[in-house]
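K.L.:
No sequence on hand, only this structure:
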Ligand code: HEM
């Protein structure tokens, strides 16, 4: 110990000698020399004492741009990362988008370690400019993808989950909406005489269902406002692509790039609609007659106001109400319509699986329409949904997380404030966890008796931990019900010669959407 101290003392003395000697050769006045020596000493001390992190490996980052060139590759980032994780770097990979460090998690072991074992460390949401634009048209609402870090504990569990969600997005209102709206979509598809692209019909179907849940109003599938909203979100998704330059170069936020301006302009339409609807609901709100999701969120706000707790009230002002309604609307509609889009494409491409699904639906529902209560009695159909969500991982890299403290994952350090991306697409296509992941095979989710087997650990479309999707309990029965109602009435096939193509419509880390495809439908004899 004393020897070590001596060595440190000697080293410091030597260093000071060097500095003193070096200062003789410095030009300028004694003040300039003192300042220069001070600066050098400061820099040396910083370098000596600086905390050294053992960061996860990754490709060489170039000055200024970091690894942004990866977005110019033909394959989307989530596919490239799966390859790198297997062949080069292992499951935890660091990337630099401009100067910002991002850590990507590409296997279930490290995702589980981060989101479950170290749930609190990884529970943050970063401020991302594209998310702020998407969730509140870039206004000063501090949007951080749904709930900010501060709101996480209070708002997430207490108000939204337990109250607004349970009261409105599940149960009778959902079932009634599905039973009214699906037949409209079925009639529209059945009216097509040849091959057609079902994207617009399926999208307007899901839009109409979520619209009625959120705002209590039924909109027909050709309703101009609904079609405009769909166009807004479709264009928004394409413009977001792999994020905005404003995220990498913050000063660009002062006078936006043309793409960001276009995105902001188009999304303003969505936020205007939300604002108008929320204001209308506020004027007519009655706690004895909660009409829809917007009423439920407003009532939750009223309850917070009644508690007179300023801290909670600051997290639930009118901007937050609009933001929450808008987030639920966008999160609810975009993910479910993508899943349905992949679903019809896959069922049309694999007629044998479609036939088995229809047989199960017939056996359970007989002559009546499928109901929400059937969920749980349709294991094959549920397995089909799970496989659709595996093959068509709609949100391939989830929503960004941020570390709230210095932490570790996979044996590497992850400093506080690091952005973290979960590669859900990689989890769903990992050959170490799935036998022939490229095959569409619902049976992989069933046990020997044809019941749903325990969920495979690498199936994680809704994520897990403190930031897991709030809509899982709604989305699964909703999509099964919609699929069952469609398959009860229609047979779906691909035109002769067309084949399933798993490549996405465009290169984006935010969404994974199928390329435009065509189907042929025929009415089934049963109702
Ligand atoms: C197929 C359907 C859906 C999929 C695949 C999906 C997937 C996801 C994923 C991957 C996340 C990010 C989780 C994380 O950061 O770790 C998320 C978050 C979220 N989802 Fe979903 N989702 C779906 C449907 C819905 C629905 C129907 C709603 C509501 C009506 C919803 C509301 C939310 C909310 C509010 C969050 C943010 C939670 C937070 O930040 O604390 N989702 N979803």
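P.N.:
Nice, thanks for sending it over. On a predicted model such as this, the values are computed, not experimentally measured, just so you know.
K.L.:
Show me what stretch 452-460 is in contact with.
P.N.:
Stretch 452-460 has contacts (Cβ atoms under 8 Å, 6 or more residues apart in numbering) with 108, 111-112, 379, 382-383, 386, 389-390, 422, 424, 427-428, 430, 433-434, 444-447. (Glycine included, C-beta is placed from N, CA and C.)
K.L.:
Give me the subset of those residues lying in helices.
P.N.:
Among the contacts of stretch 452-460, the members falling in helices are 108, 111, 112, 379, 382, 383, 386, 389, 390, 424, 427, 428 (criterion: DSSP state H).
K.L.:
how many neighbours does the third one have?
P.N.:
For residue 112, the tally of surrounding residues (other Cβ atoms under 10 Å) stands at 17.
K.L.:
okay, it: pLDDT?
P.N.:
On pLDDT, residue 112 comes in at 98.
K.L.:
Ok, the last one next?
P.N.:
What the model reports for residue 428 is a pLDDT of 98.
K.L.:
May I see the ChimeraX selection of the buried members of the contacts of stretch 452-460?
P.N.:
To isolate the buried ones among the contacts of stretch 452-460 in ChimeraX, judged by 16 or more other Cβ atoms under 10 Å, type:
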select :108,111,112,379,382,383,386,389,390,422,424,427,428,430,433,434,444,445,446
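K.L.:
From residue 328, how far out is whichever residue of the chain sits closest to the ligand?
P.N.:
Closest approach between the chain and the ligand, counting by Cβ to the nearest ligand atom: residue 471, at 2.2 Å. Separation of residue 471 from residue 328 (Cβ to Cβ, to the nearest Å): 8 Å.
K.L.:
and the two? which has more neighbours close in?
P.N.:
Using other Cβ under 10 Å as the criterion, residue 471 and residue 328 rank with residue 328 on top: 26 against 17.
K.L.:
Quick check: which element contains the more buried one?
P.N.:
Under the criterion of DSSP states H and E, residue 328 resides in helix 318-349.
K.L.:
and that helix, which residues are buried?
P.N.:
In terms of neighbour count (16+ other Cβ under 10 Å), helix 318-349 has its buried residues at 320-349.
K.L.:
Equivalent analysis for stretch 433-452, please.
P.N.:
Neighbour-count burial for stretch 433-452 [16+ other Cβ under 10 Å]: 433, 434, 437, 440, 441, 442, 444, 445, 446.
K.L.:
Ok, stretch 397-405 next?
P.N.:
Buried, per 16+ other Cβ under 10 Å, within stretch 397-405: 397, 398, 399, 400, 401, 402, 403.
K.L.:
how about it against the ligand, any contact?
P.N.:
Yes - Stretch 397-405 is in contact with the ligand by Cβ under 6 Å from any ligand atom, via 398, 399, 401.
K.L.:
Of these, which is the nearest to residue 413?
P.N.:
Of all those, residue 413 sits closest to residue 401, with 16.2 Å by Cβ to Cβ.
K.L.:
what residues are up against that closest one?
P.N.:
Per Cβ under 8 Å, 6+ apart, neighbours of residue 401: 114, 115, 122, 123, 124, 125, 126, 419, 420, 421, 422, 467.
K.L.:
wait, the residue of the chain closest to the ligand sits on residue 335?
P.N.:
Yes - here residue 471 reaches residue 335: they are 7.4 Å apart, a contact under Cβ atoms under 8 Å.
K.L.:
quick revisit: mind listing which of the residues of stretch 397-405 next to the ligand are in strands?
P.N.:
Among the residues of stretch 397-405 next to the ligand, DSSP state E puts residue 401 in strands.
K.L.:
Let's have the residues of stretch 397-405 next to the ligand in JSON lines, adding pLDDT.
P.N.:
Listed next are the residues of stretch 397-405 next to the ligand as JSON lines, based on pLDDT from 0 to 100:
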{"residue": "398", "pLDDT": "93"}
{"residue": "399", "pLDDT": "89"}
{"residue": "401", "pLDDT": "93"}
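K.L.:
possible to save the residues of stretch 397-405 next to the ligand as JSON lines with distance to residue 196?
P.N.:
JSON lines is the format used below for these (distance: Cβ to Cβ, whole Å):
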{"residue": "398", "distance to residue 196": "33"}
{"residue": "399", "distance to residue 196": "33"}
{"residue": "401", "distance to residue 196": "40"}
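K.L.:
Sort out which one of the residues of stretch 397-405 next to the ligand lies nearest residue 96 for me.
P.N.:
Among these, residue 401 lies closest to residue 96 (Cβ to Cβ), at 17.2 Å.
K.L.:
Spell out which residues of the stretch 201-350 of the chain are next to the ligand.
P.N.:
327, 328, 331, 332, 335, 336, 339.
K.L.:
just curious, which of those residues is nearest to residue 295?
P.N.:
Minimum distance to residue 295 across these is 12.8 Å, recorded for residue 328 (Cβ to Cβ).
K.L.:
now, which of the residues of stretch 397-405 next to the ligand sits nearest residue 88?
P.N.:
When those are compared against residue 88 (criterion: Cβ to Cβ), the nearest one is residue 398, at 22.5 Å.
K.L.:
residue ranges with poor pLDDT in this structure?
P.N.:
1-51, 128, 130-171, 241-242, 525-527 (pLDDT under 70).
K.L.:
Domain map for it?
P.N.:
With domains defined by the TED database, the chain comprises 1-49, 68-523.
K.L.:
Show me where the chain has its strands.
P.N.:
With DSSP E as the criterion, the chain has strands at 92-97, 100-105, 401-402, 407-409, 412-414, 419-422, 490-493, 520-523.
K.L.:
Please enumerate the helices of the stretch 1-150 of the chain.
P.N.:
For the stretch 1-150 of the chain, the helices defined by DSSP state H, counting those that start in this stretch occupy 2-24, 30-49, 77-87, 108-112, 129-136.
K.L.:
How about the third one and the ligand, touching?
P.N.:
No - using Cβ under 6 Å from any ligand atom, helix 77-87 never reaches the ligand; the gap is at least 12.3 Å.
K.L.:
what packs against that helix?
P.N.:
strand 92-97, helix 424-428 (3 or more Cβ pairs under 8 Å, 6 or more residues apart in numbering; DSSP states H and E).
K.L.:
ranking these by burial, who's on top?
P.N.:
helix 424-428 (a mean of 27; mean count of other Cβ atoms under 10 Å).
K.L.:
name the helices or strands packed onto that helix?
P.N.:
helix 77-87.
K.L.:
and the ligand, which of the buried residues of stretch 433-452 contact it?
P.N.:
Of the buried residues of stretch 433-452, not one also sits near the ligand (Cβ under 6 Å from any ligand atom).
K.L.:
mind giving me CSV with those and columns for distance to residue 457?
P.N.:
Converted to CSV, the buried residues of stretch 433-452 look like this (distance: Cβ to Cβ, whole Å):
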residue, distance to residue 457
433, 8
434, 11
437, 14
440, 20
441, 18
442, 18
444, 13
445, 13
446, 16
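K.L.:
what's the closest of those to residue 510?
P.N.:
residue 437 (22.0 Å).
K.L.:
Pull the number of nearby residues for the nearest residue to the closest one once chain neighbours are set aside.
P.N.:
Excluding the flanking residues, the one nearest residue 437 by Cβ to Cβ, 6 or more residues apart in numbering is residue 429, at 4.5 Å. By the criterion of other Cβ under 10 Å, residue 429 has 21 neighbours.
K.L.:
Need the contact partners of stretch 80-97.
P.N.:
Residues contacting stretch 80-97 (Cβ under 8 Å, 6+ apart): 55-59, 61, 66-68, 70, 73, 101-107, 109-110, 243, 247-248, 409-410, 412, 423, 425-426, 429-431.
K.L.:
Buried ones from these, can you make that a PyMOL selection?
P.N.:
Buried residues among the contacts of stretch 80-97 (16+ other Cβ under 10 Å), as a PyMOL selection:
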select buried, resi 56+58+59+61+66+67+68+70+101+102+103+104+105+106+107+109+110+243+247+248+409+410+412+423+425+426+429+430
